[in-house]
Structure formats: structure tokens, C-alpha cells
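A.B. asks: structure, please.
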Amino acid sequence: MNAIDHAVAVIRAGGLAVIPTDTVYGLACTPYREEPVRALGELKGRAPDQPVAVVAASVDWLLECVPELRGRAGVVARALLPGPYTLVLPNPARRFPWLTGARPDTIGVRVPDLGGPGAEVLGRVGAVAATSANLHGGVDPCRVEDVPPEIRAASVVVDGGELPGLPSTVIDLTGTEPHVARESAVAAADALARVAEVLGQ
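C.D. replies: Numbers count the residues shown, from 1 in each chain. The predicted structure is shown next:
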């Protein structure tokens, strides 16, 4: 079994995998069950109330996961994704409560602009819960060798070579005005300008 087949099987079975994205290596599991998400957080050393994003293979798959993404949130998601963004969107049905952390009425979503082995894994499982494959507060890994040994030892690792190394820029769209919660792969001013353009503001 090659690494891609192994990762797909492990994610479907509730295990953890390190996969390449369009920004950094991510630690991923199925988003559909609470236990794997808790295991992911514990391995990273994250607090249980910290949110984890749903990372989908396509915008259409994302809308399967969170069908309420309509109105402004849906317009922005379709315009900015796939791309190096994580969008924090309203989650009125409180779906995936084990992913939403301290804000159950919101959810973080991402559709990476992927090719290669990361795209193959994500395309076959549809969606994962994922966060950077580092220990909490550690360096975001752009190479497999940068992933901490304890994470590699507990996961299936898919090597996609060297990645850009900057995590996604996080845009929160749950308030009256969009704001950048984390500036990274895209500068905050550029991200907000793009959202304003999409919304015709």
C-alpha cells in the first residue's frame, strides 16, 4: 500500500495523517467523528476549546458539509476558495460541535488550491479536520522533516516536498464587518480588499 492509499484508509478509519497543503503540512483526521478530532488536539498539545477547520476538496463538498453557507458567507467562500484562506463563517445549525471550540455558532472552513499527493488524499476522502502539523505554538512545517517526531510517529505521513511555509490567512466573516484574525499567506489589507471587491463594497 502506498502512502496515499495508506493515508486515505487511516483517515477513514479514524486515525491521523500528515498531508501537504498549498501552504504548510497539515495534521488531518476525519471531521465527522469527535474522537479523532480530540486525538488530533491532544497530539498537538492544543486546548480542547480551540477550533479546528474543516478542509474540503472543493467548494461544492464544503457546501455538502455545511449547507447553510448562503448569503454573504457563501458568496465570499465561492469567490476566495480554493485559495490560501481559512474563512470563519456563521454556523447556525451548530454543525461539527467538536470542531468549533468556544464559538459553536461559527465554523472555520478551508478549500486549499492543491495539486499532487495532497490533492489526491483530499479528493478521495472529501473533507478532513486539519491544522498545522506542529506542536502548539511551534513552527509551521514546510517540509516533512520539520514535522515534530512525535507527530510523525503517531501519523501516516504523505510527503509532498517543500511547501511555501506560510499558513492560511484567516478572515472572520461572522460580524458586521469582515476582519482578518490571522495575517499570513495573504496580507491583511489585500485579503480585506478582495472581500470588499467580492461584496461590491
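
A.B. asks: so where do the helices sit in the protein?
C.D. replies: 3-13, 34-44, 59-65, 71-80, 116-125, 149-153, 188-199 (DSSP state H).

A.B. asks: where does the chain have low pLDDT?
C.D. replies: 201 (pLDDT under 70).

A.B. asks: for the nearest residue to residue 105 once chain neighbours are set aside, give its distance to residue 126.
C.D. replies: Distances taken as C-beta to C-beta, 6 or more residues apart in numbering put residue 91 closest to residue 105, at 5.5 Å, once the chain neighbours are dropped. Backbone N, C-alpha and C define where each C-beta goes, glycine included. Residue 91 is 19 Å from residue 126, where distance means C-beta to C-beta, to the nearest Å.

A.B. asks: which of those two has more residues huddled nearby?
C.D. replies: Neighbour tally, residue 91 and residue 126, criterion other C-beta atoms under 10 Å: the higher count belongs to residue 91, 23 against 17.

A.B. asks: tell me the contacts of the more buried one?
C.D. replies: 66, 68, 100, 104-107 (C-beta atoms under 8 Å, 6 or more residues apart in numbering).

A.B. asks: would you turn the residues you listed into JSON lines with neighbour count and distance to residue 134?
C.D. replies: JSON lines is the format used below for the contacts of residue 91 (neighbours: other C-beta atoms under 10 Å; distance: C-beta to C-beta, whole Å):
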{"residue": "66", "neighbour count": "22", "distance to residue 134": "26"}
{"residue": "68", "neighbour count": "15", "distance to residue 134": "31"}
{"residue": "100", "neighbour count": "20", "distance to residue 134": "21"}
{"residue": "104", "neighbour count": "15", "distance to residue 134": "25"}
{"residue": "105", "neighbour count": "11", "distance to residue 134": "28"}
{"residue": "106", "neighbour count": "19", "distance to residue 134": "23"}
{"residue": "107", "neighbour count": "29", "distance to residue 134": "22"}
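
A.B. asks: okay if I get those as TSV plus distance to residue 85?
C.D. replies: Formatted as TSV, these follow (distance: C-beta to C-beta, whole Å):
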residue	distance to residue 85
66	15
68	19
100	18
104	22
105	20
106	15
107	14
